[in-house]
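Visitor: Quick one, what's the 3D model for this:
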Amino acid sequence: AVVSTQSGHYGRGDLLDGKTNYTAQALAISTERSKYIAFSTSFYEGGASFIVMSYSSLHAHDYFFLKPFKGTVWCSLVVMMVIMTLLMTCFTKSSAFAMHNPDSLDDMYLYNSGWVVAAGLVGQGGEAFPSSLSGRFLLFAWWFFAMVLGCMYTANLSAHLTLEHAEIPIHEMKDLLTQSEYGWGVIGDRNMEARLLNHVDSDYQKLVTKGQRLSGLEEAKALVRKGK
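Guide: Here you go, the predicted model:
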């Protein structure tokens with residue numbers, strides 16, 4: 001039988017034309033081919049293998065402790081700290097308590113206000129606290145926000161570190177079609193490409209049409225090392 005390596009379809013060989021009774025050659029058994037050829041017992045069973053980077057290698061990061069939040073969240077947090085520091089200082093200077101107790105202004109100037117705000121993120125206090133009612137309410141609101149933020153950070157960091165040891169969620173070929181985290185490719189002009197394109201299940205055909213066509217194994221390994 002003659003097989004075109006470009007399309008994977010059959011040519012009009014001697015076997016199909018009835019010019020010979022049998023032929024011996026290395027030919028993969030497929031559902032489509034079984035319609036026209038009576039195969040003998042298979043003498044070799046092959047399979048397809050995935051080459052992927054481990055989850056920890058793919059997602060390794062030197063600043064892993066920043067991963068629980070996006071960069072925009074960290075930038076917003078810094079901006080909020082600056083705003084809270086200015087508000088704390090303004091509330092202290094403009095409060096009725098400060099007008100009757102001018103000496104208290106020295107306790108909550110800009111430096112101390114910033115220190116109290118920053119220390120609140122790690123559950124600590126500062127050297128001085130606002131004496132005015134408005135300043136105390138403002139500080140309490142910031143501490144409550146810091147507590148909620150700390151809980152979210154701890155939960156996200158624990159989840160991130162746990163996922164580093166999770167297995168890759170791909171157990172069979174068709175799982176590639178239902179995920180978006182991993183890209184894939186098929187080496188062109190090979191037996192595997194022909195078998196997928198001629199498979200009766202359209203999902204296997206999509207693995208070729210939706211995947212990247214590779215020139216060889218070396219290109220495949222290079223893309224895997226790059227995480228692509």
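Visitor: what ranges of this protein fall below the confidence cut-off?
Guide: 1-15, 25-26, 46-62, 96-108, 126, 163-169, 227-228 (pLDDT under 70).
Visitor: Please enumerate the helices of it.
Guide: Counting by DSSP state H, the segments of the chain that form helices are 31-34, 55-58, 71-94, 96-100, 110-120, 133-163, 191-197, 202-209, 217-225.
Visitor: would JSON lines of these with distance to Gly18 and mean neighbour count be doable?
Guide: All C-beta atoms are positioned from the backbone trio N, CA, C, and that covers glycine. As requested, the helices of the chain are exported to JSON lines (distance: least, Cβ to Cβ, whole Å; neighbours: other Cβ atoms under 10 Å):
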{"stretch": "helix 31-34", "distance to Gly18": "17", "mean neighbour count": "13"}
{"stretch": "helix 55-58", "distance to Gly18": "54", "mean neighbour count": "13"}
{"stretch": "helix 71-94", "distance to Gly18": "70", "mean neighbour count": "15"}
{"stretch": "helix 96-100", "distance to Gly18": "106", "mean neighbour count": "13"}
{"stretch": "helix 110-120", "distance to Gly18": "88", "mean neighbour count": "19"}
{"stretch": "helix 133-163", "distance to Gly18": "60", "mean neighbour count": "14"}
{"stretch": "helix 191-197", "distance to Gly18": "25", "mean neighbour count": "18"}
{"stretch": "helix 202-209", "distance to Gly18": "31", "mean neighbour count": "15"}
{"stretch": "helix 217-225", "distance to Gly18": "39", "mean neighbour count": "13"}
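Visitor: could you redo the ones you listed as TSV and give each row distance to Gly183?
Guide: Shown next, in TSV, are the helices of the chain (distance: least, Cβ to Cβ, whole Å):
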stretch	distance to Gly183
helix 31-34	28
helix 55-58	12
helix 71-94	24
helix 96-100	61
helix 110-120	42
helix 133-163	19
helix 191-197	16
helix 202-209	12
helix 217-225	8
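Visitor: closest one to Leu176 among the ones you listed?
Guide: Go through the helices of the chain one by one with Cβ to Cβ and the one that ends up closest to Leu176 is helix 202-209, at 6.4 Å.
Visitor: Would you mind telling me which of the helices of the chain is nearest Leu177?
Guide: Between Leu177 and the helices of the chain, the tightest spacing by Cβ to Cβ is seen for helix 202-209, at 6.0 Å.
Visitor: on contacts alone, who are the packing partners of the closest one?
Guide: Helices and strands touching helix 202-209, as assessed by 3 or more Cβ pairs under 8 Å, 6 or more residues apart in numbering; DSSP states H and E, comprise helix 191-197.
Visitor: For Thr178, the count of nearby residues, please.
Guide: Here the number of neighbours of Thr178 (other Cβ atoms under 10 Å) works out to 9.
Visitor: Of all the helices of the chain, which one is nearest Tyr182?
Guide: helix 55-58 (8.7 Å).
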